[in-house]
Structures are given as structure tokens and as C-alpha cells.
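[1] next comes the sequence, and after it the predicted model I'd like to discuss.
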Amino acid sequence: LTATANASDAVVSATDACGNATTITSTTLSTSEFTCADLGVSEINVTAVDTFGNSADCPLNVTVDLVAPPVITCQDITVAIPETLGNVSINATDVVVSATDACGGPIAFFNLTQEDFFCSDVGSVSVNVTATDSYGNSADCAFQVTVEIDAPPLIECQDITVTLNAS
């Protein structure tokens, strides 16, 4: 990712020593291209040059901010409700294959639309995970949770009598 700064955005006014703006021939920034390595505040200079070749520098701060969403990849999973619990829970590490901010940095936090699954969820459930980076940018990833039951069926029975007859 790259961003470009323009001297025209940084210069409020530029005049020669006599106050004439028309004699300024150029304004340039000491640095105009910024990347992920420049995130945060950097001090640079803007230089104004007049028709007589005189120049002056003005220091300024450039804040490089990240507004691009994170990059996230997730996967479908299958979970089984154990016999003793009656529910099963998942977290982001179960479904997120990879996630970074747009500059390759870490994700600040994840949020799942559903983490707990019960008998009423048996089958396929659509869930989203949201990854949010430290700059407040977020991206979603949709996945399926297949919910199964990992317990033998419950059965109740009774003794019966069968009668043999001649027919």
C-alpha cells in the first residue's frame, strides 16, 4: 500500500521576501511517498523556491493512517455436542485461517456472531467472524458450522410378552 502527499496540501502560503506569491516557482516535499513502514507521524520538510533561486524550508508533520480493511480468510468447521455438556463452543482460532491488517500487522480482536451451539442448532449454521485491526478497520468472513451430536441416542424400553398360537 502507498499514499502520496502533495506540497499544495501542506503549503498555506509562500511568498518571496517582498511578499510576492507570483515569484514562487516551486514547492516540494522532502518525502512524498509513504508506505506501511511510515504508519504514524513523520516529520518532513516542504521547500519553496522563488525565481531568484532563493529557497526556504518549513518543517511539518505528516500523519500516515491506515484505512484499508484487514485481510481475513476463514474455514467451515464441524463441531459435536458431547453427551455430558449439551452444548459446544467455538472461538476465532477454530475458524480463522489467516488474518492481518492491510499492512500485514496483527488483528486487535475478533468477534463471532455465534459462539455457542446447542441441540436446537443441529445441522448447518451460518456464522460470521469480524476481524478488527488496531486502527479500527474491520472485515467480515462468513463460514458454516456443521453441528452434530456426539452421544448415543436415549432409549427406554419395557419387557414384552409374545404369544404363540397355532395359526
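    Ah, there it is. Residues are numbered from 1 along each chain as shown.
[2] report the buried residues of stretch 13-21.
    By neighbour count with 16 or more other CB atoms under 10 Å, stretch 13-21 contains the buried residues 14, 16. Glycine gets a C-beta too; all of them are placed from N, C-alpha and C.
[3] for residue 107, give me its contacts.
    The contact partners of residue 107, taken as CB atoms under 8 Å, 6 or more residues apart in numbering, are 70, 72, 99-101, 131-133.
[4] from the residues you listed, which land in helices?
    Judged by DSSP state H, helices contain none of those.
[5] and these, which of them are buried?
    Buried subset of the contacts of residue 107 (neighbour count, 16+ other CB under 10 Å): 70, 72, 99, 101, 131-133.
[6] out of the residues you listed, who's nearest residue 35?
    If you rank the buried ones among the contacts of residue 107 by distance to residue 35 using CB to CB, residue 101 comes first, at 13.5 Å.
[7] on the pLDDT front, check that closest one for me.
    On pLDDT, residue 101 comes in at 95.
[8] for the residue nearest to it when sequence neighbours are not counted, give me its contacts.
    In space, and not counting its chain neighbours, residue 101 is closest to residue 133: 3.7 Å by CB to CB, 6 or more residues apart in numbering. Taking CB under 8 Å, 6+ apart, we find residue 133 in contact with 66, 70, 101-102, 105-108.
[9] quick check: bridge partners of residue 133?
    Beta-bridge pairing of residue 133 under DSSP bridges involves residue 107.
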